[in-house]
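Asker: Give me a model of this one.
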Amino acid sequence: MDFVSPVLDVASRICNCVGDRADHLRRLPQKLNSLRAAMEKLNNVYKDVKERVEREENLEKKRTHVVGGWMERVEAMEKEVNELLDRCDEEIQKKCLGIYCSKNCRAIYKLAKMVPAKMDAVAELQSEGSNFQEVAVPLPSPHVIERPLEEKPVVGLDSPFREVWRYLQDKQVGTIGIYGMGGVGKTTLLKKINNKFLQSSIKAFDIVIWVVISRPTNLERVQETIRSRLQIPDDRWKGSEEDDKAAEICRILKTKKFVLLLDDIWEPLDLLRVGIPPLAHGNESKIVFTTRSEDVCRGMAARKSIKVECLEEKEALSLFQAKVGEDTLNSHPDIQKLAEMVAKECKGLPLALIVIARAMASAKTPEEWERNLQKLRMYPKDVAGTENDLFSVLAFSYDCLPDEATKSCFLYCSLFPEDFPIPSEHLIQLWMGEGFLDEYDNIQEARNQGGDIIEMLNRACLLEASTTPFSRKEYSKMHDVIRDMALWLACEKGKKKNKFVVKDGIGLISAQEVKNWKDSQRISLWNNTNIEELREPPHFPNTETVLGCRTTSTFPSGFFTNMSVIRVLDLSNNMTLELFPAEIGNLATLQYLNLSRTRIIHLPIELKNLKKLRFLILDWMFSLEPIPNQMVSSLSSLQLFSMKSSSSRLQMDEIMLLEELEQLEHINDISIRLTNIQSVQRLFESHKLTRSTTSLSLVEYKGVNQVQLLSPSCIKELMLLMCDELEEVKIIHFEKQVVPSKFPNPQCCFNHLLSVQIHICNKLLNLNWLIHAPKLQSLHIEHCEIMEKVIEDERNDGSEIESGLSVFSRLIDLTLIALPKLESIYGRALPFPSLRGIFVFGCPRLKKLPFDSNICMSKQLEKIIGQQKWWDGLEWEDQTVMHNLTPIFSTP
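Answerer: Residues are numbered from 1 along each chain as shown. Have a look, this model is predicted:
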C-alpha cells in the first residue's frame, strides 16, 4: 500500500493544474517576454531623464522632487521586475511534467498572476517619465559667488581695500566709486572685495551681486545678469518690457539688504532704469563700482570716491618678479638687476608689469633682457604682448573721449618727454596754435576750454595733475605707459613709426635719420638733441609742428626751408640759441611762434611775411634788440602778443609798439613790459589795449612815485620790478564812459587779477589796493625796505574799501623775502581756504600770521618755509593753530 500515496499526490498535483490555471501557465513565457520589453522601454526613458537631469545639474540646478521620486521608483521597480523574472525562470526550470507538471504549479501560478500587475506599473512609470516638462530647478542662490583671483597675495591694493571696506561698514555711505587709469587694478580690487564676503563671519548682507558693465552699456544684459542672481522665474520675466523687468527687480531688492558690485562703468548708469531702488539709510544696502573716470563717480553720485594709484617701486618689482618666475630670475646673476630696470620702465602700472613680465619669462640670458629693455625704451610696441594686451586695453579710455579735438589734445601731450611736468598754460597755447580750439573766437574763451579739456583728461586718468606749494601754476604729467600708448595711437597703431617723432636727450642726430622724417606730422626735439649739418634742405611736406625746446644752440642751415604746412614752431628755453633761422620768415602757413628764453639778439624783418601768424611769444629774451618798426603791425592775423620782462637793458620805442598793437584787428591778448609813465598812459588811453592786456610788467619805472592802474581791468598778472621811487599804486576808474558788460561792479576793479610780483620797490608802503583783487592766487613781495603792512585792516578805511569782499580767499601761494620792516600781512585773522604754501625769509619783525582756527581744518596748506628763529619767535593767539601747523613747517 506504500506506493498508493505518491501516486495520489501526483494525481492531486495534476488536478490542481487543470482548468483556468492551465491557461495562465501556458501563456507565462509570453508574458515574461512582454514584461522584459516594457522594462527595457522604461529603462530607456529613465536614461533620457537622467541625462537631462545631469545636464541641468551641471548648470547649477537641482532635480525636482517629483523627478527624483520617479527615478527612485524606477530603480526600485527594476529591482522588483528582475527578481520576479528570476523567480519565474527558476520555477519553470523545476517542471516535472513539462510546463504543466511543475513540482509546485500553485507557486508558479501565483507568480504568473503578478506579471500583469508589474506590467501595468512599468507602463505607468514610463508614461510619467515621458511627460516631464521640467526635470530640474535652479539651486538656491548663494549670497555671494566667488570671483577667481591669483593664488598669490594681490600686490599693492591693501590700502584702497581697507578704505572701501571701512565705507562698506559706514551706514552713512551708500555708493562708493573706485576710479583710476586702465590697468591699475580696479577690477582686481573689486574681486577682492567680493570674495571677502565669502568669509563665514561676514553675514551683513543678504546677497552680493556682481555685474560687468563695459562699453557700450547694454541695459538689457545688466538686467538679465541681476535677474539670474535673484532667480526671477520665466513667467515673470520673458516677454516683459524693460520697465516691467525693472519693477520686478526693484520689488525683490527692496526686501533684501544687498551689495551691488558694478565693474567697468564708462558712463553714468541710470540705476532706476535697471531696477535698483534708491539706497535708504534704513536699508543699508551698498553699491560699489569701478571706472576709469572721476566724472563717472560724480555722475553716479558716489558718496565716496577712491582713486587707485600705481604701485610704489618696491611693490611693482615684487609683482614683476612674481610674474617672471624664479627660474628665469635665477638663470643668470645679471638678470636680477636687469629685471629691476625693466620693472622701472612700467612706472608701477600693474597691467604693464604683468604683460612685460610674461614677455620676459622665457628670456634666460642677459643679452635677451638687454635687447628687450632697449625695445621697451625705444619702441615699446615691439615687445611681445604690448599692442594687444596693453595698448589696446588702455586705448579704450582714448576711444571714450567726447570728440576729435579732445583726442587731438590728448595725443599732443605725448610730444613732451617722459615724466615732464607740462605747464598747463603753455600746453593750452600750443593747442590754440594747432587750431584744436578754433571754434572759439576769443582767446580767453579758448583758454577756458583748454582748461576744461585738461580737467577732463585728468578725471579720465589720462593725465595727472601736478602743482607745487609755492606756485599758482598748474602742470600736467602723462604716465609713461599712457604716453607710449598715445604715441602708438598717434603713429596709427605703430603703422607709421615716424608720424610723431620725439627725441629726448639723445645727442647728435644723423642727416640720414632726418631724411626718414619726411612723412612726419609732428617733430619734437628735447634736451641736448642736436642735428648734424645737412648737405641740402630736407623736405617735410606734412610737418605741422616743430617743438625744439632745451635742445640746441643752432639748427642746420635750411632745416626749416621746406615746411609748406607748418602751423606751430616752438623754440623756447634754448638758452644758447643766438641766431634766428632766417628761413622761418618764409613759413607762410606758420600760426604760432615761441622764442621765449632764448638768447636770440635780432628778429629779421622777414617776419613781416608771416601773415597767418596768430601767436607771437617773446618772453624773457634777455638779449633781444628792439623789434623793427612796422614788423608787429604787419602781422595782420595776430591775436596774442607776449613780451614779458624781456630785458632790463632793452631800449625800444614802447609807444610805437603799443600803437602797432592797436592797429591789429584781431589782437585780444597782450602781455607787455613798460618802463615809463608815458607808455602806461598810452596803454590806458586805448580801450582796445586796456581790455586786451592780460599781463603788465612795469620795469625800472623812474621819475614818478605813483602808478595809476585803470579800473576795471582785464590784467591777470602784474609785475612791478625795480621801481625804486614808487610809493603807491592808485586806482583810476573810468568816468563818464561805458563799462563793458564783461566787467563786474567797478568797485571790484581787479576781478581778473591772479598774480602779483613786487621786486625791489624800496619806497612802496603797502598793497592796500589788493583788497579789490578777490581772485588773487599768487603774491610775491621781495626787497621792499620800508613796507610795514601788506594790507591794512579793511575796517580802518571803509570809504576806500567795499565791505564784504573776501580778502585772500583764493590765494594759493604767498612769498615774502627781505622785508625788514614788515610787521603785518593783514590786520586780522583770515581763513585762507585755498592757501598751499608760505615762504618767509628775512622778515624779522613779522611776529604774527593772520590765521584763524579754520586754517587747521584746511586740507590745502602743504608747506610753511622760513628761518627757524623766525618760526620760534612767532606769537599765537590760539596755541592749537601753532601745534597743527608745526608739522608742515621747514627751513629753506
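
Asker: So for residue 216, what's the nearest residue that isn't a sequence neighbour?
Answerer: Using C-beta to C-beta, 6 or more residues apart in numbering and skipping residues adjacent in sequence, the residue nearest residue 216 is residue 266, 7.9 Å away. C-beta coordinates here come from the backbone N, C-alpha and C atoms, glycine included.

Asker: Please read the previous query as pertaining to residue 453.
Answerer: residue 409 (5.1 Å).

Asker: Kindly report the same for residue 477.
Answerer: Nearest in space to residue 477, with sequence neighbours left out and distances taken as C-beta to C-beta, 6+ apart, is residue 464 at 4.7 Å.

Asker: try residue 31
Answerer: Leaving aside its sequence neighbours, residue 31 sits nearest to residue 115 (C-beta to C-beta, 6+ apart; 4.5 Å).

Asker: contacting residues around the one you found?
Answerer: For residue 115, the contact set (C-beta atoms under 8 Å, 6 or more residues apart in numbering) comprises 28, 31-32, 35, 84, 88.

Asker: Now do it against residue 37, distance only.
Answerer: Counting by C-beta to C-beta, to the nearest Å, the gap from residue 115 to residue 37 is 12 Å.

Asker: rewinding a little: so how far is residue 297 from the residue nearest to residue 216?
Answerer: Separation of residue 266 from residue 297 (C-beta to C-beta) stands at 12 Å.

Asker: Which residues are in contact with each of these two?
Answerer: Applying C-beta under 8 Å, 6+ apart, one finds that residue 266 and residue 297 are jointly contacted by residue 291.

Asker: the more surrounded of these two?
Answerer: Shown here are residue 266 and residue 297; by other C-beta atoms under 10 Å, residue 297 has more neighbours (24 against 18).

Asker: so that one sits in a helix?
Answerer: Yes - counting by DSSP: H, G, I helix; E, B strand; the rest coil, residue 297 falls inside a helix.

Asker: pLDDT wise, what is it at?
Answerer: Residue 297 carries a pLDDT value of 95.

Asker: Show the contacting residues for it.
Answerer: Counted by C-beta under 8 Å, 6+ apart, residue 297 has contacts 177, 179, 291, 305.

Asker: quick one: the helices in the stretch 551-700 of the chain?
Answerer: 654-663, 677-685, 687-692 (DSSP state H, counting those that start in this stretch).

Asker: so where is the stretch 401-550 of the chain shaky, pLDDT-wise?
Answerer: The model of the stretch 401-550 of the chain has pLDDT under 70 over residues 468-472.

Asker: Spell out the residue ranges of the strands in it.
Answerer: Ranges of strands in the stretch 401-550 of the chain, per DSSP state E, counting those that start in this stretch, are 422-423, 464-468, 471-477, 500-504, 507-509, 522-526, 529-531, 545-549.

Asker: The shortest one packs against which elements?
Answerer: Meaning strand 422-423. strand 471-477 (3 or more C-beta pairs under 8 Å, 6 or more residues apart in numbering; DSSP states H and E).

Asker: what residues does the strand it packs on touch?
Answerer: So strand 471-477 is contacted by 413, 419-425, 427, 454, 457-458, 463-468, 754-755, 777-778, 812-813 (C-beta under 8 Å, 6+ apart).

Asker: Quick check: longest helix in this protein by residues?
Answerer: Looking across the chain with DSSP state H, the single longest helix is helix 20-58.

Asker: tell me the mean pLDDT for the helix or strand following it?
Answerer: Later in the chain than helix 20-58, the nearest helix or strand by DSSP states H and E is strand 61-63. For strand 61-63, mean pLDDT is 85.

Asker: Quick check: next helix or strand after strand 61-63?
Answerer: Next in sequence after strand 61-63, counting helices and strands by DSSP H and E, comes helix 65-93.

Asker: Now the element after the helix or strand containing residue 352, going C-ward?
Answerer: Using DSSP H and E, residue 352 maps to helix 350-360. The helix or strand immediately downstream of helix 350-360 is helix 366-378, counting by DSSP H and E.

Asker: on contacts alone, who are the packing partners of the helix or strand following that next one?
Answerer: On the C-terminal side of helix 366-378, the nearest following helix or strand under DSSP H and E is helix 392-399. Packed against helix 392-399, as judged by 3+ C-beta pairs under 8 Å, 6+ apart, are the following elements: helix 480-490.

Asker: hmm, who's touching the helix it packs on?
Answerer: The contact list for helix 480-490, computed with C-beta under 8 Å, 6+ apart, reads 181, 183, 345-347, 349, 352, 380-381, 386-387, 390-391, 394-395, 398, 410-411, 413-414, 418-419, 462, 478, 494, 499-500, 502, 522.

Asker: Go again with 6 Å.
Answerer: Here helix 480-490 makes contact (C-beta atoms under 6 Å, 6 or more residues apart in numbering) with 347, 349, 352, 380-381, 391, 394, 411, 414, 418, 494, 500.

Asker: Now the two most distant members of the residues you listed.
Answerer: Greatest spatial distance among those (C-beta to C-beta): 349 and 500, at 21.2 Å.

Asker: what pairs with residue 209 across the strands?
Answerer: Per DSSP bridges, the residues bridged to residue 209 are residue 260.

Asker: Count the neighbours of it for me.
Answerer: Using other C-beta under 10 Å: residue 209 sits among 24 other residues.

Asker: next one: residue 197
Answerer: Neighbours of residue 197 using other C-beta under 10 Å come to 20.

Asker: Okay, buried residues for the helix or strand hosting the residue nearest to residue 31 please.
Answerer: For residue 115, the host element (DSSP H and E) is helix 105-130. Neighbour-count burial for helix 105-130 flags 105, 108-109, 111-112, 115, 118-119, 121-122, 125-126, 128-129 (criterion: 16 or more other C-beta atoms under 10 Å).

Asker: now these as JSON lines including pLDDT and distance to residue 695?
Answerer: Below are those laid out as JSON lines (pLDDT from 0 to 100; distance: C-beta to C-beta, whole Å):
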{"residue": "105", "pLDDT": "65", "distance to residue 695": "126"}
{"residue": "108", "pLDDT": "71", "distance to residue 695": "121"}
{"residue": "109", "pLDDT": "72", "distance to residue 695": "122"}
{"residue": "111", "pLDDT": "75", "distance to residue 695": "116"}
{"residue": "112", "pLDDT": "76", "distance to residue 695": "117"}
{"residue": "115", "pLDDT": "83", "distance to residue 695": "111"}
{"residue": "118", "pLDDT": "86", "distance to residue 695": "106"}
{"residue": "119", "pLDDT": "87", "distance to residue 695": "106"}
{"residue": "121", "pLDDT": "89", "distance to residue 695": "102"}
{"residue": "122", "pLDDT": "89", "distance to residue 695": "101"}
{"residue": "125", "pLDDT": "91", "distance to residue 695": "96"}
{"residue": "126", "pLDDT": "90", "distance to residue 695": "96"}
{"residue": "128", "pLDDT": "91", "distance to residue 695": "93"}
{"residue": "129", "pLDDT": "89", "distance to residue 695": "91"}
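
Asker: What is the nearest of those residues to residue 216?
Answerer: Distances from residue 216 to the buried residues of helix 105-130, taken by C-beta to C-beta, are shortest for residue 129, at 46.6 Å.

Asker: hang on, isn't the closest one packed against residue 47?
Answerer: No - Residue 129 is beyond contact range of residue 47, at 10.0 Å (criterion: C-beta atoms under 6 Å).

Asker: Residue 814 looks like it's in a helix, true?
Answerer: No - counting by three-state DSSP, residue 814 is not found in a helix; it is strand.

Asker: returning to that earlier point: based on its surroundings, how many neighbours for the residue nearest to residue 453?
Answerer: Applying other C-beta under 10 Å, we find 25 residues neighbouring residue 409.
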